[in-house]
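# Give me a 3D structure for the following:
(chains A and B)
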Amino acid sequence: MDLVNYLYLASILFALGATTVLLRRNAIVVFMGVELMLNATNLALVTFARLHGDITGQVLAFFVMVVAAAEVVVGLAIIVTIFRARRSASVDDVNLLKS
Amino acid sequence: MIEFEAPVIDWAVLTPVLVVLAAGVVGVLIEAFVPDRGRRTTQIVLTLAALTGSLVSVVLLWDRVTTEGYAFVVDGTFLLTPFTLGIQAVVAVLAVLGVLVIADRTRTGQDAFAPTAAAVPGTTYEDAAREAGLQQTEIYPLVLFATGGMLLFPATDNLIVLFIALEVLSLPLYVLCATARRRRLLSQEAAFKYFLLGSFASAIMLFGIALVYGFAGTVSLEGALFVLVHPESQVLEMMPSLVIAGVLLITVGLLFKIGAAPFHTWTPDVYQGAPTPITGFMAACVKAAAVGALVRVVFTLAAGLDEPLRRDLEVGLWAVAILTMLIGTVAGAVQTDVKRMLAYSSIAHAGFLAVAFVGFSETGAGAVLFYVLAYGLATLGAFAVATLVREQDADGVVLGEATHLSQWAGLARRSPWLAAAFSLFLLSMAGIPLTAGFIAKFGVFSAAVAAGAWPLAVLGVLASAVAVFFYVRLIVLMVLTPPTEESEHPEHVEDGAEPAAAGTSRADDAAPADDAAPADDAAPATGTLTAARATLARASVVVVASRGPATVAIVLCAVGVVLLGVVPQVALDWAAQAATFRPLQP
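Modelled structure (predicted):
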């Protein structure tokens, strides 16, 4: 099977994630979009590792997972704070700073 | 069984970063073990000592790195070039000044941070925390971790370490943004926006890194450059578009951190909402670190691109530079909030910096180094001044910062020295001769001319001229316009006002309290806005006296701005010496 197909899949997932970030209203869903982008990157990294016959890409995928986990901790904390103060996690309601 | 061979690690090379990150870890332990009373002092001493230590180790490494051209640890995972050391020196200096501002509690006895940032604004729990005199000393370890990330960001040859450094510098900053003592809803909102857009940008950069790994088969920057110059990789033949896509995505991720248009939209909101000392720290240090990383990564990769691709990338950077200067100056001219205006000014500066990127030359790198120092000093100083200009209610209780421009009218009469310092910073940002900003802009524009991009330099000069307008407008407002209301209040808050501190911020937090029990989704926003305006109308403006550290920071920034403007030669020589961004013999 052609490995390049995995790269296409990774690009599609990445684009889906990016679209989610740009279009969806709910902060949690937006954040899930970011996670999808990171995991699409993992798929690309692992595929490239296979293409090159080199293990670096697989190691990198682990690094990305760890960083993504750290990001979830901080991100969800911030989103929960916003939600507790305003009873809403919609991106559109967070608009006090518009001038 | 494979024998494990331990790598030889040159610890001396790692010290600038290691000292700061280790101090961050110790800071977390201090949170756990040092009793409440001494904790804040311990943290501040530790933070300042660590940052100074980092600066000292940069200075000690200087001779070695400039003579040898580079120093590295484990295959360039950590790589010091003269340029990197220069950026690290700038970041360390600015971070020390930034921490001085962060640590200042002013005469009111309160720092800029919430007693417990986890408490929901306007709840009894928040009031209880405030009355109990709790303080959020985790600020200092967070600042240290962020600074550690900034020091690592431009100091690696390994793209994945670059990504990790980006996260290490960003994650603490997201948290720091949410910790303001006053106007907490705005502060949380700033953190929210910064986080969502920041993580989006880092995901984009990460995908770019994956693509570069895809064509190069290595995450080493010099390795990728080698593959670009000697294209033998099969994957590269199969998918040549990986090169431009990878380089572009990485560039976008880095441009986001710099705050260059069209990736600048987070900047005004985040700078306005974050606690002012953190804004100053962020505006100065993050920009220096991100520009350093961008020069290291993009300049290096650009050296390997073939002519048409290189031209494309250059055109892209032209567009970014022009757009950023335009948006920064035009939008900056119509702002009514000091912090927002400074944010747009920071965007404009990102544009001026981008002018020096064109040509990907060492002249450009040297100009960038001088520019981030000059810009950082002026910006940090300006935000430090903004922390001291406060609102005051009818009872003489000091509230949050008076950020509306009209409140700054006649500041020169209330506090001539503060107004003079602020004017100096503004003039430097505008690029008036005899200030650091002039030399910096001159360097950047002449680097562009040397690279044959004189139209860009001309546009830059025009944009600076427009920018002078809004900086000078603010100076005129401070000096010539009489204060809107001649305040009868004392210039400085009496020491006796301190016991009122507990009640102080409650009055100021009236805004969030209004929406403690929101009826529907739309109500809290409007409720808070009207309450905020009402406070604005009631409050008069005072200049609170600093307890020392912020004054020291402002004075040092002012002295730096003047010295760099009047006798720039030492710093210019230093920047020229440090302009080598790639190891000479990899």
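
# For whichever residue of the stretch 301-450 of chain B sits closest to chain A, give me its contacts.
Nearest residue of the stretch 301-450 of chain B to chain A, counting by CB to the nearest CB: residue B:340, 6.4 Å away. Placement of C-beta: from N, CA and C, glycine included. By CB atoms under 8 Å, 6 or more residues apart in numbering or on different chains, the residues touching residue B:340 are A:99, B:268, B:271-272, B:403.

# One more: residue B:86?
B:369, B:574-575, B:578 are the contacts of residue B:86 under CB under 8 Å, 6+ apart.

# which SS state does it fall under?
Here residue B:86 is recorded as helix under DSSP: H, G, I helix; E, B strand; the rest coil.

# Angles on the backbone of residue B:398, please.
phi -80, psi 130 (degrees, to the nearest 10).

# Show me what it is bridged to.
Beta-bridge partners for residue B:398, by DSSP bridges, are residue B:392.

# Retrieve the pLDDT associated with it.
If you check residue B:398, the pLDDT there is 80.

# which one is residue B:349 nearest to, not counting chain neighbours?
Nearest residue to residue B:349, sequence neighbours excluded (CB to CB, 6 or more residues apart in numbering or on different chains): residue B:375, at 5.1 Å.

# Find out how far stretch A:41-61 is from the centre of the chain, if you would.
Distance of stretch A:41-61 from the chain centroid (CA atoms, centre = their mean, to the nearest Å) equals 18 Å.

# that older thread, so the residue of the stretch 301-450 of chain B closest to chain A versus residue B:331, what's the distance?
Going from residue B:340 to residue B:331 by CB to CB, to the nearest Å gives 9 Å.

# and what of residue A:71?
Taking CB to CB, one finds residue A:71 at 30 Å from residue B:331.

# The two: which has the busier surroundings?
Under the criterion of other CB atoms under 10 Å in any protein chain shown, the comparison of residue A:71 against residue B:331 puts residue A:71 first, with 23 against 20.

# hang on, isn't that one packed against residue B:167?
Yes. Under the contact definition of CB atoms under 8 Å, residue A:71 touches residue B:167, with a separation of 6.8 Å.

# on that earlier part again, which of the contacts of residue B:340 count as buried?
Taking 16 or more other CB atoms under 10 Å in any protein chain shown as the criterion, what is buried in the contacts of residue B:340 is B:268, B:271-272, B:403.

# Kindly identify which of those residues also come near chain A.
Counting by CB under 8 Å from any CB of the partner chain, the subset of those that neighbours chain A consists of B:268, B:272.

# Return the member of the buried ones among the contacts of residue B:340 nearest to residue B:60.
Taking CB to CB as the measure, residue B:60 sits nearest to residue B:271 out of the buried ones among the contacts of residue B:340, at 34.5 Å.

# hang on, isn't that closest one packed against residue B:343?
Yes. Residue B:271 lies in contact with residue B:343 (CB under 8 Å); the separation is 3.6 Å.

# Buried residues, the strand or helix carrying residue B:455. List them.
Per DSSP states H and E: residue B:455 is located in helix B:454-479. Buried residues in helix B:454-479, defined by neighbour count with 16+ other CB under 10 Å: B:456-457, B:459-460, B:463-464, B:466-468, B:470-471, B:474-475, B:477-479.

# So it, near chain A or not?
No. On the criterion CB under 8 Å from any CB, helix B:454-479 is out of touch with chain A, staying 14.8 Å away.

# So which other helices or strands are in contact with the helix or strand hosting residue B:248?
For residue B:248, the host element (DSSP H and E) is helix B:241-258. Under the contact definition 3 or more CB pairs under 8 Å, 6 or more residues apart in numbering or on different chains; DSSP states H and E, helix B:241-258 sits against helix B:159-177, helix B:184-216, helix B:234-238, helix B:287-294, helix B:300-304, helix B:307-333, helix B:338-357.

# Could you tell me the least trusted of those?
Mean pLDDT per stretch puts helix B:234-238 lowest among the helices and strands packed on helix B:241-258, at a mean of 75.

# what residues are shared contacts of residue B:271 and residue B:343?
Counting by CB under 8 Å, 6+ apart, the residues touching both residue B:271 and residue B:343 are B:279, B:283.

# where in the stretch 351-500 of chain B is pLDDT low?
B:484-500 (pLDDT under 70).

# which stretches of it form helices?
Counting by DSSP state H, counting those that start in this stretch, residue ranges of the helices within the stretch 351-500 of chain B are B:362-388, B:411-414, B:416-430, B:436-450, B:454-479.

# out of those helices, deepest packed?
Mean neighbours per residue, mean count of other CB atoms under 10 Å in any protein chain shown, is largest over these for helix B:362-388, with a mean of 28.

# how about the nearest residue to residue 47, chain neighbours excluded?
I went with chain A, as the question did not name one. Using CB to CB, 6+ apart, the closest residue to residue A:47 is residue A:6 (4.2 Å).

# my bad, the chain I had in mind was chain B
Per CB to CB, 6+ apart, closest to residue B:47 is residue B:140, 4.6 Å.

# Could you measure from that neighbour over to residue B:76?
Counting by CB to CB, the gap from residue B:140 to residue B:76 is 32 Å.

# Likewise for residue B:470?
44 Å.

# ditto for residue B:368
When distance is defined by CB to CB, residue B:368 is 22 Å away from residue B:76.

# what's the answer for residue B:365, then?
Residue B:365 is 18 Å from residue B:76, by CB to CB.

# Residue B:174 too?
Separation of residue B:174 from residue B:76 (CB to CB): 29 Å.

# Report the contact partners of residue 27.
Just going to use chain A. Applying CB under 8 Å, 6+ apart, we find residue A:27 in contact with A:79, A:82-83, A:89-91, A:94, B:192, B:196.

# Please refer instead to chain B.
If you count contacts by CB under 8 Å, 6+ apart, residue B:27 has them with B:43, B:46-47, B:140-141, B:144.

# Excluding chain neighbours, give the residue nearest to residue A:31 in space.
Closest to residue A:31 by CB to CB, 6+ apart is residue A:75, at 5.5 Å.

# re the thing from before, for chain A, state which of the buried residues of helix B:454-479 is nearest.
If you rank the buried residues of helix B:454-479 by distance to chain A using CB to the nearest CB, residue B:470 comes first, at 14.8 Å.

# List the contacts of the nearest residue to that closest one once chain neighbours are set aside.
Spatial nearest neighbour of residue B:470, excluding adjacent residues (CB to CB, 6+ apart): residue B:333 at 4.3 Å. Listed by CB under 8 Å, 6+ apart, the contact set of residue B:333 reads B:466, B:469-470, B:473.
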